[in-house]
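Q: structure for the following, please:
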Amino acid sequence: MYELLVWAGAALSVVGLAGLIWSVVRVASAKRQKLADEELRAVIQGVLPYNLGALFLSVIGLMLVMLGLTLGA
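A: Residues are numbered from 1 along each chain as shown. The predicted structure is shown next:
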């Protein structure tokens with residue numbers, strides 16, 4: 001049972017990490033396009049909720065991993 005918790009947490013962490021990488025790539029590509037200041041801010045404001053959601057998934061996933069390892073030991 002606890003092994004399943006560890007693997008589910010690892011999967012959530014990987015999904016969160018993928019979301020974080022996507023948000024970094026999206027903002028970096030917007031910066032490379034040399035957008036105007038207002039347009040760049042709009043891109044960053046659009047990406048921010050996804051970035052925070054991905055960070056939340058990563059943290060919850062790591063917490064599940066730690067919980068599974070602690071309880072399964």
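Q: return the backbone torsion pair for Lys34.
A: phi 50, psi 50 (degrees, to the nearest 10).
Q: same question for Gly46.
A: Main-chain dihedrals, Gly46, degrees, to the nearest 10: phi -70, psi -30.
Q: please report how far it lies from Arg26.
A: Gly46 sits 9 Å away from Arg26, going by CB to CB, to the nearest Å. Where C-beta positions appear, they are placed from N, C-alpha and C, glycine not excepted.
Q: and those two? which has more neighbours close in?
A: Arg26 (16 against 13; other CB atoms under 10 Å).
Q: in what helix or strand does that one lie?
A: helix 2-32 (DSSP states H and E).
Q: give me the mean pLDDT for that helix.
A: The average pLDDT within helix 2-32 is 95.
Q: so what does it touch, helix or strand wise?
A: In terms of contacts (3 or more CB pairs under 8 Å, 6 or more residues apart in numbering; DSSP states H and E), helix 2-32 is packed against helix 37-72.
Q: centre-most residue in this structure?
A: Ala54 (2.6 Å; CA atoms, centre = their mean).
Q: retrieve the pLDDT associated with it.
A: At Ala54, pLDDT is 97.
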